[in-house]
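Novice: Below are the sequence and a predicted model for it; my questions follow.
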Amino acid sequence: MASQAQNPSDGDPKQTVGGLAAELNKRQPFELLEEETLLNIVRTASVLSLESERVLREHGLSDAAYNVLRILRGRGSEGCSCTQIGRDMVARVPDVTRLVDRLERAGLATRSRAQEDRRVVQISITAAGIALLGTLDAPVREAVKAGLSGLSRDEMIELNRLLVKARRPACGRALAAGQSEDSDGKPGTKGTS
């Protein structure tokens, strides 16, 4: 049986429209609590990322490009393949290769053949990419802190726990549908190179 969305201030979900529904100018309450919850997660992520996206845009980067640069910085001089980048990205993108192409044209990343297997192309961050991330670290960190300033440390810990719990079944379904899995059990991306 499907859950019903409820306004916290009212026991009857069919009587009032509040919270997310009101924010979205929705005339009727959500039919499913699950739908409202998922849309609340999406809406919250969108709103909380506005300031960090502005900071990144000022430097010619998208969220996805910034994420790739951070992944590459974390890998150090060894770099990694597009497949590995795709697995480690916070939000999946359809074409990691094109994203890496743009970073390479901007001088922020470089490609080279892996020594142990010449068929594998390794992507590494350049000195310019490291320098750009260095200028972005503090302003992005401040934007993230400001966005979540309405939550206490304990609330953030609980929210993180609940989000991981909510994500686990979806990750399991993705794996069952045939996506690859990395060593942490996260679903990977199939067909990215």
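Specialist: Perfect, thanks for sending it.
Novice: From now on I want contacts and neighbour counts done on CA atoms only, so please keep to that.
Specialist: Noted.
Novice: Flag the shaky bits of this protein, pLDDT-wise.
Specialist: Across the chain, the ranges flagged by pLDDT under 70 are 1-17, 175, 178-193.
Novice: centre of the chain versus the longest helix along the chain, how much separation?
Specialist: The single longest helix within the chain, with elements called by DSSP state H, is helix 153-176. Computed by C-alpha atoms, centre = their mean, to the nearest Å, the chain-centroid distance of helix 153-176 equals 13 Å.
Novice: Just the CA trace of that helix, in CSV.
Specialist: These are the backbone C-alpha positions of helix 153-176, laid out as CSV (Å, rounded to 0.1, in the frame of the first residue of the first chain):
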residue,chain,number,x,y,z
ARG,A,153,26.0,18.8,13.4
ASP,A,154,23.9,16.0,14.9
GLU,A,155,21.1,16.7,12.3
MET,A,156,23.7,16.5,9.5
ILE,A,157,25.0,13.2,10.8
GLU,A,158,21.4,11.9,11.0
LEU,A,159,20.5,13.2,7.5
ASN,A,160,23.7,11.6,6.0
ARG,A,161,22.7,8.3,7.7
LEU,A,162,19.2,8.4,6.3
LEU,A,163,20.3,9.4,2.8
VAL,A,164,22.8,6.4,2.7
LYS,A,165,20.0,4.2,3.9
ALA,A,166,17.6,5.4,1.2
ARG,A,167,20.3,5.0,-1.5
ARG,A,168,21.3,1.4,-0.7
PRO,A,169,18.3,-0.3,-2.3
ALA,A,170,18.6,1.8,-5.5
CYS,A,171,22.3,0.9,-5.7
GLY,A,172,21.4,-2.8,-5.4
ARG,A,173,18.8,-2.5,-8.1
ALA,A,174,21.3,-0.8,-10.4
LEU,A,175,23.8,-3.6,-9.8
ALA,A,176,21.1,-6.2,-10.5
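Novice: other SSEs contacting that helix?
Specialist: Identification of packing neighbours for helix 153-176 by 3 or more C-alpha pairs under 8 Å, 6 or more residues apart in numbering; DSSP states H and E yields no helix or strand.
Novice: Going forward, the N-terminal residue is numbered 838.
Specialist: All right, first residue 838 from here; so that's helix 990-1013.
Novice: Tell me where the chain has helices.
Specialist: Using DSSP H, the helices found in the chain span residues 856-860, 870-885, 887-895, 900-912, 919-925, 933-942, 964-984, 990-1013.
Novice: Using a markdown table, lay out those helices together with mean neighbour count and distance to S949.
Specialist: Compiled in a markdown table, those are given as follows (neighbours: other C-alpha atoms under 10 Å; distance: least, C-alpha to C-alpha, whole Å):
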| stretch | mean neighbour count | distance to S949 |
| --- | --- | --- |
| helix 856-860 | 15 | 47 |
| helix 870-885 | 14 | 35 |
| helix 887-895 | 16 | 27 |
| helix 900-912 | 19 | 13 |
| helix 919-925 | 21 | 12 |
| helix 933-942 | 17 | 11 |
| helix 964-984 | 15 | 15 |
| helix 990-1013 | 12 | 30 |
